[in-house]
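[1] Prediction below, plus the sequence it came from.
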Amino acid sequence: MVGAAIPPLPLMPAERVLRQLYGGTFLTYADVFGEAIDLKTVQRWIAAIPAETVLSICSVLSRYASVRQARELSQGPLVAWAVSPLYAPDVLNMLRGGDQAPRQLLFHHEQLLLAAKLAILHGAGGPPAPADVGQRHEVGRILLAVNDLILSAGRDAAPESDAILGLVVRSLTINSVEEPRYQIARAYDMFVERAAANPEIGRFFHDEFGVELPDFMAFGLFCSLPVFPLQAPLPPVLDVANALQSGQFVPPRVQAHPDWAPALDQLVASRDWFRAHLTDGKVGASTFHPFQLRPFFRSITGAIFPISHRFVLDRIGTGMLWMMHDAKRAKGGHGVQTFMGTLGTVCVEPHCVEALRDATPAGTGQLFLAGSDVPEYVSPGLGKVRGSDAYIADGERLVVIEITGSGVPISTLLSGDGAQFRVEFEKKMVMDTTPSGKPKPGKLGQLDRVVRDLLGGHLRLPGVDHSGIRTIYPVVLGLQPWALFPNVEAVITQMLDAHSMFAYPRGPIVVAPVRMITMEEVEIVAGDLAAGRARLADLLQGWLDDGLGRDSGFKNHLLRRGYQEQDNPRIHATYDRWAAGARETLVRSGLLDPDDPPPA
């Protein structure tokens with residue numbers, strides 16, 4: 001029955017977790033047709049359509065799938081374009097009502113990625129058929145059904161199970177969309193400008209990937225220019241034929257300049273490559289990582305286009321760190337730890353410390369201390385040690401910050417494998433062991449030790465009146481989004497409790513629950529912090545006091561509170577340096593003509 005009223009669904013416990021994660025907002029095949037759907041049925045539908053038709057339609061839709069897009073301005077036109085007119089009015093009616101609607105989204109990143117994966121594994125051969133409206137509407141029906149698959153993936157699993165944990169972490173990672181300008185400016189500052197101080201970094205990247213690091217960033221821009229990665233015009237522009245035609249821009253120019261072929265191979269892959277790396281068609285513990293490794297698909301027509309706009313610029317942002325990490329790890333031994341330590345010391349920590357210092361002006365009565373400003377001290381049982389990477393003293397409050405460049409590998413976050421997430425998070429962030437069996441604290445473990453030493457009087461910060469401190473805010477600052485959600489927080493809390501971390505005797509100083517934030521989140525509030533309109537301790541306390549938002553990310557909390565982001569001159573200046581250098585590189589190499597438009 002088409003257009004059935006949305007019934008109250010009898011949810012299993014795991015489904016309640018997923019409904020909470022997605023806000024109960026995904027419109028499904030069952031909502032529209034009143035019928036249950038299963039994976040085999042969806043596979044059969046997909047097998048009747050050329051895979052490249054599904055991929056190209058998903059690509060066009062993904063430009064508008066970000067949760068930060070204005071839903072009412074984008075979802076309606078997408079439905080009218082992708083869904084059959086036989087039931088599009090019913091779908092649109094179900095989506096009406098804004099935040100009060102029973103369902104608010106039909107199209108979203110995770111759905112489009114799963115549909116793309118199923119198409120690569122099960123779709124028919126042949127070129128895409130952009131003019132076939134019937135096939136487009138069939139893809140719209142398939143996408144409705146894919147939402148059913150996602151919401152029922154862990155139906156029989158316990159809410160606290162690894163199956164549900166993997167789904168939640170994967171979904172949060174996919175939907176943690178960073179502002180591209182911030183991500184690129186950050187990567188350029190760290191891995192190009194600061195990395196110049198250690199030639200080993202650039203030399204390793206060139207030896208492994210056949211291209212200089214700044215040239216790779218420029219080439220990533222070149223590949224993305226035809227899809228306008230920084231723009232999403234409203235009302236939506238939905239034209240598969242034009243997208244495929246635009247996708248003919250890059251390959252011929254690379255053929256004319258074959259020195260760039262190694263760079264292209266790091267960004268573009270054929271269906272055969274994806275088939276080899278997407279080894280199963282499961283919905284749950286099933287990876288989307290290959291789409292981040294190769295964000296562009298090479299059609300049998302020769303055109304390239306993004307499988308998902310979500311990943312178009314990731315590869316020339318934080319993705320470069322993981323490229324180097326994975327290349328080092330493939331060589332075996334402990335070289336990866338040494339190299340990542342070098343990246344942290346030369347690139348990541350100085351970048352983060354400088355941004356924090358700029359956001360903590362002395363005229364506001366706050367004192368910023370970098371880790372290098374604090375002498376080594378004697379920690380009980382450990383001897384001489386370093387403290388944390390940064391501190392902000394603000395009257396009776398002290399923010400203690402540990403900085404990490406890597407955290408949990410992106411391959412794990414996108415894997416859908418909850419058990420692997422537990423292993424990697426504990427090893428990277430809480431506690432690992434050395435080859436000789438000795439404990440090796442991760443960033444949370446190091447932060448716990450510093451807080452204990454502050455409480456015990458073993459660590460004294462120059463210029464800080466320790467007798468006046470009443471609250472300590474422990475913070476881990478990372479480069480990539482943290483997958484924070486109540487069931488993820490519960491897993492992290494269990495790990496910390498198992499190692500007796502962040503549990504202190506009651507005393508005159510209150511230690512707030514540890515917070516995990518990202519550099520993008522610091523950059524979002526940096527304008528207000530630098531102008532003295534806000535203080536980091538106040539923002540952290542507001543997050544802790546947000547009953548619904550304290551167990552999700554800091555950015556989510558800010559968005560829920562209607563925070564208005566201020567311009568960040570530091571980011572803009574760095575981005576402009578990158579854009580100018582990238583254009584010069586591309587023109588000099590012959591990939592761009594001098595009269596081609598500059599990067600957006």
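    Structure received.
[2] So for stretch 482-490, mean pLDDT?
    Mean pLDDT, computed over stretch 482-490, is 87.
[3] do the same with stretch 224-241
    82.
[4] again with stretch 368-377
    For stretch 368-377, mean pLDDT rounds to 97.
[5] what comes up buried for it?
    Of the residues in stretch 368-377, 368-371, 374, 377 count as buried by neighbour count, 16 or more other Cβ atoms under 10 Å. (Glycine included, C-beta is placed from N, CA and C.)
[6] List the buried residues of the helix or strand hosting Gly140.
    Element membership of Gly140, judged by DSSP states H and E, is helix 133-151. For helix 133-151, a neighbour-count test (16+ other Cβ under 10 Å) marks 135-151 as buried.
[7] Next, the angle from the next helix or strand after it to helix 133-151.
    Downstream of helix 133-151, the first helix or strand assigned by DSSP H and E is helix 162-175. Using axes from the mean of the first three to the mean of the last three Cα atoms, to 10 degrees, one finds that helix 162-175 and helix 133-151 are set 130 degrees apart in direction.
[8] how about helix 162-175: buried residues?
    Judged by neighbour count using 16+ other Cβ under 10 Å, the buried positions of helix 162-175 are 162-175.
[9] Check which helices and strands that helix sits against.
    In terms of contacts (3 or more Cβ pairs under 8 Å, 6 or more residues apart in numbering; DSSP states H and E), helix 162-175 is packed against helix 13-22, helix 109-122, helix 410-413, helix 418-425, helix 486-498.
[10] Excluding residues flanking it in the chain, which one is nearest Val408?
    Closest residue to Val408 apart from its sequence neighbours, by Cβ to Cβ, 6 or more residues apart in numbering: Glu424 at 4.8 Å.
[11] which one among the buried residues of stretch 368-377 gets closest to Val79?
    Among those, Phe368 lies closest to Val79 (Cβ to Cβ), at 49.8 Å.
[12] Each with direction, which strands does the helix or strand that closest one falls within pair with?
    Using DSSP H and E, Phe368 sits within strand 367-370. Neighbouring strands of strand 367-370 in its sheet, by DSSP bridges, are strand 390-394 (antiparallel).
[13] Pull the distance from the strand it pairs with to the chain's centre.
    Chain-centre distance of strand 390-394: 27 Å, with Cα atoms, centre = their mean, to the nearest Å.
[14] Also stretch 413-431?
    Worked out by Cα atoms, centre = their mean, stretch 413-431 lies 16 Å from the chain centre.
[15] Give me the neighbour count for the residue nearest to Val408.
    18 (other Cβ atoms under 10 Å).
[16] by contact count, what packs against the strand or helix carrying Arg583?
    Taking DSSP H and E as the definition, Arg583 sits inside helix 569-589. Applying 3+ Cβ pairs under 8 Å, 6+ apart, we find helix 569-589 packed against helix 180-188, helix 213-224, helix 519-530.
[17] and those helices, which is most packed in?
    Looking across the helices and strands packed on helix 569-589 with neighbours counted as mean count of other Cβ atoms under 10 Å, the highest average goes to helix 213-224: a mean of 24.
[18] so how far is the first residue of stretch 289-305 from its last?
    End-to-end span of stretch 289-305 (Cα to Cα, to the nearest Å): 17 Å.
[19] Stretch 384-403 too?
    Using Cα to Cα, the end-to-end distance of stretch 384-403 comes to 20 Å.
[20] Show me how far that stretch is from its chain's centre.
    26 Å.
[21] same thing with stretch 428-446?
    Distance of stretch 428-446 from its chain centroid, counting by Cα atoms, centre = their mean, is 25 Å.
[22] and if you look at stretch 571-578?
    Averaging C-alpha positions (Cα atoms, centre = their mean) puts stretch 571-578 21 Å from its chain's average.
[23] mean confidence score for that stretch?
    On average, stretch 571-578 scores 92.
[24] Repeat that for stretch 152-169.
    Averaged across stretch 152-169, the pLDDT comes to 82.
[25] Restricting to C-alpha, output that stretch in CSV.
    What follows is stretch 152-169, C-alpha atoms only, in CSV (Å, rounded to 0.1, in the frame of the first residue of the first chain):
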residue,chain,number,x,y,z
SER,A,152,17.5,-3.3,10.9
ALA,A,153,21.2,-4.2,10.6
GLY,A,154,21.6,-5.0,14.3
ARG,A,155,18.0,-6.0,15.0
ASP,A,156,18.9,-9.1,17.1
ALA,A,157,22.0,-7.6,18.7
ALA,A,158,22.2,-6.2,22.3
PRO,A,159,22.5,-2.4,22.5
GLU,A,160,25.9,-2.7,24.1
SER,A,161,27.2,-5.3,21.6
ASP,A,162,30.1,-4.8,19.3
ALA,A,163,27.7,-5.1,16.3
ILE,A,164,25.9,-1.9,17.4
LEU,A,165,29.1,-0.2,18.5
GLY,A,166,30.6,-0.7,15.0
LEU,A,167,27.5,0.6,13.3
VAL,A,168,27.4,3.7,15.5
VAL,A,169,31.1,4.5,15.1
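[26] tell me which residues of stretch 188-203 are tucked away?
    Buried residues in stretch 188-203 (16+ other Cβ under 10 Å): 188-192, 194-195, 201-202.
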